[in-house]
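Q: Show me how the following folds:
(chains A and B)
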Amino acid sequence: MLTGLTLTEARAGLEARKFSARELAQAHLDAIGRLNTQLNAYITVLPEQDVLAAADAADARYTKGEARLMDGLPVGVKDLFCTKGVKTTAASKMLANFVPPYESSVTARLLDAGSVFLGKTNLDEFAMGSANITSAFGSVLNPWRRQGDDAALVPGGSSGGSAAAVAAGLALAATGTDTGGSIRQPAAFCGIVGLKPTYGRCSRWGTIAFASSLDQAGPMTRSVADAGLMLEAMAGFDEKDSTSSNRPVPAFSKAVGKSVKGLRVGIPAEYRAPGMPEEIAKMWEQGIAWLREAGCEVVDVSLPHTKYGLATYYIIAPAECSSNLARYDGIRFGERKDAATLDGVYERTRAEGFGPEVRNRILMGTYVLSAGYYDAYYLKAQKVRTLIKRDFVQAFEQVDVLLTPTAPSAAFAQGENMDDPVQMYLNDIFTVPASMAGVPALSVPVGLDSKGLPLGLQIIGRHFDEETVLSVGGALEAAAGFAHKPTLHAEAGV
Amino acid sequence: MSYVIEGKTGSWEIVVGLEVHAQIVSKSKLFSGASTTFGAEPNSQVSLVDAAFPGMLPVINKECVAQAVRTGLGLNARIYLESRFDRKNYFYADLPQGYQISQFAHPIVGEGTIDIELSNGEIRKIGITRLHMEQDAGKLIHDQDPTKSMVDLNRSGVALMEIVSEPDIREPEEAGAYLRKLRQILRYLGTCDGNMEEGSMRADVNVSVRKAGEPFRTRCEIKNVNSIRFVMQAIEVEAARQVEIWESGGEVDQETRLFDPARGETRTMRSKEDAHDYRYFPDPDLLPLVIEQAWVDELKAALPELPDAKRARFQSEYGIPFYDAGVLVAEQSVADFYETVAKGRDGKLAVSWVTGDLFAALNRTGKTIETSPVSADALGKMLDLIADGTINGKIAKEVFEDMVETGEGPEAIVEKKGLRQVTDTGVIDAAIESVMTKHADKVAEYRSGKDKLFGFFVGQVMKETKGKANPALVNGALKSKLDA
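A: Numbers count the residues shown, from 1 in each chain, chains lettered A, B, ... in the order given. This is a model prediction of the structure:
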């Protein structure tokens, strides 16, 4: 089945002309046609003729022997990346009708590499959420079901649409963005691979900002090798983003399969959070055992400031978002709500245009930056962030990578964790520290829990050392041999 | 004695500090490639960054940084090799991002000084606290529609320097002198055109009053004053207002005020309670701005000569008085004009022609030094004609007027009008003979001791030669003839 391939397999099939890019694209459009109403993974599906035209162009390049890195591979694009001439909403009413006249740097690179875009995937509004329930265009459904239970599960967030699409066969791969775990946690919840690269690896230009010092684009795929391949296409210096790195982009796709013998894997003591479900702890132990078998040396390490990670994150990210989202004021963006005064226009437009989670975070961010509170919150948080970053740098003097669970639980049901925002924020507890430090981190699906839901482990590496992360991820993937499919997927019942 | 306000309870001193917003001369904006040309069609010079489209990011314009560094160097100020950009958050329709990118905590330029000259010739040093770069906002236009305001984003994102002075200013005149001097330096450096009418330079004025020896009292900030004259007026009326409040037992509130030149008063714009909380924080889209000392040195080496240095050099190199040198360097174009005229010639003669006859002619014809009908080269040639005796000073006035009139060169005019000075001693001797014959009685008087008559004879000989005789030759020949 064409919708069940990895990028690497599909690329080889296209190269060998076993099938055409048009067939591949058509299979995905059909799958979207069958399943998207249920999953709500895409906000916008591109017009069929546009998708097929892109596929035909890819086929022509294959015929001429000029195929590129991602040629003819159908992918979904998180609806946070501006795409020229294609509506880009950030899953917000504010941008419900926004059609950018420009292409984000990351998607432009993917297009240059020959990718065929299928559509724009759903997400939490402005990428704020861990369950993909804050989208103005409806929640995304996780294609997985608990055994013997029909409860609708969340796909994780904020890149929930991308994760669900990749898991269910509605795209071979998809782009995500990760601010505090938005690639890794939904990847874990949906049983796929998600990589948050080093901050600065992928340009942020043209990606709608949530928290500028944390936002980083990355691939969401079905294999670790695919993550390397797609990152290779996405990454690279961009003079339009002052925070993008001008380091050369290695051939990430070649990192998988390298021996991990002798690599030192750190197990951070502080991640053994009290109340961690036993199944998660067990899976972690299993992961440690697999890597030890693969020849890695396992070392206990300490990241003493981990416990402040979440609190610090929920000061810095909202602070930046409160400023980044100020531009959606009804003057140029958003449906303007008339009022007697300019302030009234702002108040009404923003109260009605943003959903409750976004409003919460803007309020928190505004508060922590306010005169009299700045030092106690924002400044203190920045100092703690420096300490968190130092924790990682020091740990990486002893070890090559860290291994942790990706999330403290498997996917939960819609409606769960909804009363208490703090409970919801705890989903990010293992993913946030790497975001704060700016280091690369990968989630790999390694098994199912007792209810049949996927669990992921996270590999965290040194700044700009995605290659080692991918190598270790590859080893873990090989050992785990995760081949389970979700209840809802393109190949089921066809 | 310095400026004081005599109140009912005694004398009050004023304390003033200025924040000058100077638009940086650069082709493109501080963080985008859009053009900065003044007067373009509304919203024709707006990039996606300036209009704050989603996902757009600022990228610093190196030329603007260079201009800020040059300005800092010109103000004898400390240059910080590492500075930062912060966001100043507030909502307004002319501010698409919802924040202004500015340098709040770590400016690029620190403490410096400016020497100002007062009308009595006294020189005072005014401290500069800092200079930082920031983005300008757009412009709201309220008079196009009865119910709507229009937004023009051409100015949105244009680079500004905010130059903050110490509260060292003690009289309105000093504030005027400070602004003029600052503008002069900026223009010399080419970092700001200093054009207050077009808004490329505007001042926020901080005013407080106190009795001698007291610590500072509460200050008020008068926003966006757009001419030097208004700044001086605003200080005067604001200081008087504050004295009245204090003397009637009240308290001056710290607030932001506006100056209304038509009514000659300041009034509240925002009280302290309504003051914005700008929620400054470091802009996460921009890395700290790090520059190299070597680059600063390079910029320093390439700086033009600044007014104070030029004035001193003019004084020593051309032997002209301090005052005259000051007049010449007030505008760089005048200084350059003068220097072309004076180079290799009599500097004192040059200054009297430039600041005397030339200025008068420009004034009369409504022209500027840039559009002067007499070029510096032409005026120089005319001075050469005086020096080599082709014409004398009196004839030169006539030649100059003709140059102003026709734009022709001095040689051509001298030839055309036959104004060449008479140096032929035969002609001069003949004229002397004629005069002595005509005025034989006066000759006798002179010879009997009435020396004062010498001037009379010179005048008569000049008249006889229609003013063209070389005065020195006339003097010599006349003396020997009369004394014979």
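
Q: So which residues of the stretch 201-350 of chain A form helices?
A: Here the stretch 201-350 of chain A has its helices, by DSSP state H, counting those that start in this stretch, at A:224-234, A:278-293, A:309-324, A:342-353.

Q: Other residues contacting the second one?
A: Residues from elsewhere that reach helix A:278-293, judged by CB atoms under 8 Å, 6 or more residues apart in numbering or on different chains: A:260, A:265, A:267, A:272, A:298, A:403-405, A:407-410, A:446-447, A:449-450, A:455, A:457, A:472, A:475-476, A:479-480. All C-beta atoms are positioned from the backbone trio N, CA, C, and that covers glycine.

Q: before we move on, back to that, tell me which of the helices of the stretch 201-350 of chain A is the most buried.
A: Sort the helices of the stretch 201-350 of chain A by mean neighbour count, taking mean count of other CB atoms under 10 Å in any protein chain shown, and helix A:224-234 sits at the top with a mean of 28.

Q: do that helix and chain B meet?
A: No - interface with chain B: helix A:224-234 contributes nothing (CB under 8 Å from any CB of the partner chain), its closest point being 15.1 Å away.

Q: Quick one: list the elements packing against that helix.
A: Judged by 3 or more CB pairs under 8 Å, 6 or more residues apart in numbering or on different chains; DSSP states H and E, helix A:224-234 is in contact with helix A:7-15, helix A:105-112, strand A:173-178, strand A:193-196, strand A:216-221, strand A:441-448, helix A:466-480.

Q: deepest of these, which one?
A: By mean count of other CB under 10 Å, these have strand A:193-196 as the most buried, with a mean of 34.

Q: And that one, what does it pack against?
A: Using 3+ CB pairs under 8 Å, 6+ apart: strand A:193-196 touches strand A:173-178, helix A:184-190, strand A:216-221, helix A:224-234, strand A:441-448, helix A:466-480.

Q: run the last query once more with 7 Å
A: Judged by 3 or more CB pairs under 7 Å, 6 or more residues apart in numbering or on different chains; DSSP states H and E, the packing partners of strand A:193-196 are helix A:184-190, strand A:216-221, helix A:224-234, strand A:441-448.

Q: which ones among the contacts of helix A:278-293 come in contact with chain B?
A: Residues of the contacts of helix A:278-293 in contact with chain B (CB under 7 Å from any CB of the partner chain): none.

Q: follow-up on the earlier one: put together TSV for the helices and strands packed on helix A:224-234, with mean pLDDT on each row.
A: Shown next, in TSV, are the helices and strands packed on helix A:224-234 (pLDDT from 0 to 100):
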stretch	mean pLDDT
helix A:7-15	98
helix A:105-112	98
strand A:173-178	98
strand A:193-196	98
strand A:216-221	98
strand A:441-448	98
helix A:466-480	98
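
Q: Could I get those in a markdown table, plus columns for distance to B:Lys181?
A: Formatted as a markdown table, the helices and strands packed on helix A:224-234 follow (distance: least, CB to CB, whole Å):
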| stretch | distance to B:Lys181 |
| --- | --- |
| helix A:7-15 | 66 |
| helix A:105-112 | 46 |
| strand A:173-178 | 52 |
| strand A:193-196 | 55 |
| strand A:216-221 | 50 |
| strand A:441-448 | 57 |
| helix A:466-480 | 56 |
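
Q: re the thing from before, how about the helices and strands packed on strand A:193-196 in TSV, adding distance to B:Arg183?
A: Converted to TSV, the helices and strands packed on strand A:193-196 look like this (distance: least, CB to CB, whole Å):
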stretch	distance to B:Arg183
helix A:184-190	57
strand A:216-221	46
helix A:224-234	50
strand A:441-448	55
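
Q: quick one, domains of the chain?
A: Reading this off chain A. A:2-263+A:399-480, A:307-381 (automatic domain parsing).

Q: please go with chain B instead
A: Using automatic domain parsing, the domains assigned to chain B come out as B:5-297, B:305-417, B:425-483.

Q: can you redo the ones you listed as JSON lines with distance to chain A and mean pLDDT?
A: Output for the domains of chain B, formatted as JSON lines (distance: least, CB to the nearest CB, whole Å; pLDDT from 0 to 100):
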{"stretch": "domain B:5-297", "distance to chain A": "2", "mean pLDDT": "95"}
{"stretch": "domain B:305-417", "distance to chain A": "33", "mean pLDDT": "93"}
{"stretch": "domain B:425-483", "distance to chain A": "71", "mean pLDDT": "87"}
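
Q: Mind putting these into a markdown table with mean neighbour count?
A: Formatted as a markdown table, the domains of chain B follow (neighbours: other CB atoms under 10 Å in any protein chain shown):
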| stretch | mean neighbour count |
| --- | --- |
| domain B:5-297 | 18 |
| domain B:305-417 | 17 |
| domain B:425-483 | 15 |
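
Q: Would you reformat the ones you listed as TSV and include distance to A:Glu320?
A: Output for the domains of chain B, formatted as TSV (distance: least, CB to CB, whole Å):
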stretch	distance to A:Glu320
domain B:5-297	6
domain B:305-417	42
domain B:425-483	82
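
Q: Relative to A:Leu153, which of those is closest?
A: Closest to A:Leu153 of the domains of chain B is domain B:5-297 (CB to CB; 30.6 Å).
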